[in-house]
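**Student:** what follows is a protein structure lacking sequence information:
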């Protein structure tokens, strides 16, 4: 549907889907650690900077989440999510985690 580049995926020998799953996961963990670390004073960074970076991450992955809901997309190697309420629950859980 979207032709988003995956630079280095061939070199890493991973699929297009795995590439984007990995970089967003790494960005979530890194952004979360930076947010927590700046909030408790471990990093000398204003908390607004990692918060804004996390906002940009959410903004970038929201179209994929909307697509999953509207097209009943399922992830490989995971149990099937029932449509539509499974996707609604998944979206609600993500909103709780983002708050």
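**Tutor:** Received, thanks. Because the structure is predicted, anything quoted here is derived from the model rather than measured. Numbers count the residues shown, from 1 in each chain.
**Student:** so where is the chain shaky, pLDDT-wise?
**Tutor:** 1-2, 99 (pLDDT under 70).
**Student:** okay, which residue is most central for it?
**Tutor:** Geometric centre of the chain, nearest residue: residue 24, 4.7 Å, by CA atoms, centre = their mean.
**Student:** contacting residues around that residue?
**Tutor:** 57, 60, 61 (CB atoms under 8 Å, 6 or more residues apart in numbering). C-beta here means a position set from N, CA and C on the backbone, and glycine is covered the same way.
**Student:** how close does the closest residue to residue 46 other than its chain neighbours sit to residue 45?
**Tutor:** In space, not counting the residues next to it along the chain, residue 46 is nearest to residue 38; the distance is 6.9 Å by CB to CB, 6 or more residues apart in numbering. Distance, residue 38 to residue 45, by CB to CB, to the nearest Å: 4 Å.
**Student:** these two: which has the busier surroundings?
**Tutor:** residue 38 (18 against 14; other CB atoms under 10 Å).
**Student:** in what helix or strand does that one lie?
**Tutor:** helix 16-39 (DSSP states H and E).
**Student:** now do the buried residues in that helix.
**Tutor:** The neighbour-count criterion (16 or more other CB atoms under 10 Å) identifies 19, 20, 27, 31, 34, 35, 38 as the buried residues of helix 16-39.
**Student:** shouldn't the third one be in contact with residue 57?
**Tutor:** Yes. Residue 27 sits in contact with residue 57 when judged by CB atoms under 8 Å, with a separation of 5.3 Å.
**Student:** ok so, going back, kindly reformat the buried residues of helix 16-39 as TSV containing distance to residue 11.
**Tutor:** Formatted as TSV, the buried residues of helix 16-39 follow (distance: CB to CB, whole Å):
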residue	distance to residue 11
19	10
20	15
27	19
31	25
34	27
35	30
38	33
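**Student:** residue 85: which of those is nearest?
**Tutor:** residue 20 (26.1 Å; CB to CB).
**Student:** from what I can see the closest one touches residue 4, true?
**Tutor:** Yes. Counting by CB under 8 Å, residue 20 touches residue 4, with 7.0 Å between them.
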